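A.B. asks: 3D, please:
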Amino acid sequence: MLQHHHHTPHVKRSSKGRTILKGLAVVTLCYLAFLMYTASQPVRRGRKIRKPTYHKLTLYDGYPSLIPDLLSHPEPHYVLFTSGTFDGSLEGEPWCPDCSVSDPIVRDLVNRAGGSLLEVQVGHRDEWASPRHPARVDKAAPVRYVPTLYHWTQEGAGARISNQLNSDEEVETLRVVVATFMNATAGHSKSVVSVAQLVIESKGKHCGGC
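C.D. replies: Reported below is the predicted structural model:
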């Protein structure tokens with residue numbers, strides 16, 4: 001009898017331990033299922049941002065040959081005409097104050113929203129000053145000011161914004177300008193609409209996930 005009473009609580013403790021282990025296993029499986037579900041969800045309110053799809057820098061003379069490459073990537077497609085740089089390199093600091101402020105905003109919003117962007121530099125300050133600069137006299141995609149942002153389609157240059165991209169404006173205002181343009185040209189891209197509307201609704205305080 002003494003031996004019987006000794007073993008009874010031992011059996012109860014083992015049963016309780018197995019119940020706890022089973023409970024922990026269920027919780028763990030539920031958590032893993034939740035992680036898999038959230039990872040599979042589309043972009044929502046800027047919390048999950050698509051990676052950049054296409055972003056290249058080029059000089060003005062070389063940009064027409066890159067348009068087919070741009071158009072082969074996900075829509076919407078944008079071409080940003082911007083100034084050259086102080087040191088003449090593609091990665092240098094723009095000599096244009098408006099470009100220095102606006103370019104990073106355009107680049108960041110387009111890339112984070114999953115659009116495709118081609119940046120085209122018009123050259124040195126003295127080159128751009130010429131009224132006969134190729135960009136100024138191009139009838140298909142005229143550029144009067146830098147920066148100028150075009151929405152590009154299979155038919156060519158479409159809608160654009162230029163004067164609004166002014167360094168006199170606050171950063172938040174510039175974000176709203178770019179986001180409004182992207183929202184109007186997003187087409188069927190839900191991720192671009194999602195990021196653009198998030199920026200617009202926050203009045204530029206939200207930068208689309210940056």
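A.B. asks: Every contact and neighbour count from this point should use C-alpha atoms.
C.D. replies: Noted.
A.B. asks: all strands for this structure, in order.
C.D. replies: Here the chain has its strands, by DSSP state E, at 54-59, 77-82, 116-121, 148-153, 156-161.
A.B. asks: who does the last one pair up with?
C.D. replies: The strands beside strand 156-161 in its sheet (DSSP bridges) come out as strand 148-153 (antiparallel).
A.B. asks: as a whole number, average confidence for the strand it pairs with?
C.D. replies: Averaging pLDDT along strand 148-153 gives 98.
A.B. asks: again, but for stretch 192-210
C.D. replies: Averaging pLDDT along stretch 192-210 gives 88.
A.B. asks: what do you get for stretch 115-125?
C.D. replies: Per-region confidence: stretch 115-125 scores 97 on mean pLDDT.
A.B. asks: And that stretch, what's buried?
C.D. replies: By neighbour count on 16 or more other CA atoms under 10 Å, the buried set for stretch 115-125 is 115, 116, 117, 118, 119, 120, 121, 122, 123, 124.
A.B. asks: Between these, which sits nearest residue 186?
C.D. replies: Residue 186 lies nearest to residue 115 out of these, by CA to CA, at 8.5 Å.
A.B. asks: How about the contacts made by the residue lying closest to the closest one once chain neighbours are set aside?
C.D. replies: Excluding its sequence neighbours, the residue lying closest to residue 115 (CA to CA, 6 or more residues apart in numbering) is residue 76, at 5.3 Å. Shown in contact with residue 76 (CA atoms under 8 Å, 6 or more residues apart in numbering): 115, 116, 151, 152, 153, 185, 186, 187, 189.
A.B. asks: In TSV, list the residues you listed along with distance to residue 83.
C.D. replies: Output for these, formatted as TSV (distance: CA to CA, whole Å):
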residue	distance to residue 83
115	22
116	20
151	18
152	19
153	23
185	24
186	25
187	28
189	29
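A.B. asks: out of those residues, which are buried?
C.D. replies: Here, 16+ other CA under 10 Å leaves 115, 116, 151, 152, 153, 185, 186, 189 buried among the contacts of residue 76.
A.B. asks: Contact partners for the closest residue to residue 206 other than its chain neighbours?
C.D. replies: Counting by CA to CA, 6+ apart, residue 199 is the residue found nearest to residue 206 once chain neighbours are left out, at 5.2 Å. Applying CA under 8 Å, 6+ apart, we find residue 199 in contact with 175, 176, 179, 205, 206, 207, 208.
A.B. asks: tell me which of those residues is nearest to residue 53?
C.D. replies: Of these, the one sitting nearest to residue 53 (CA to CA) turns out to be residue 208, at 15.7 Å.
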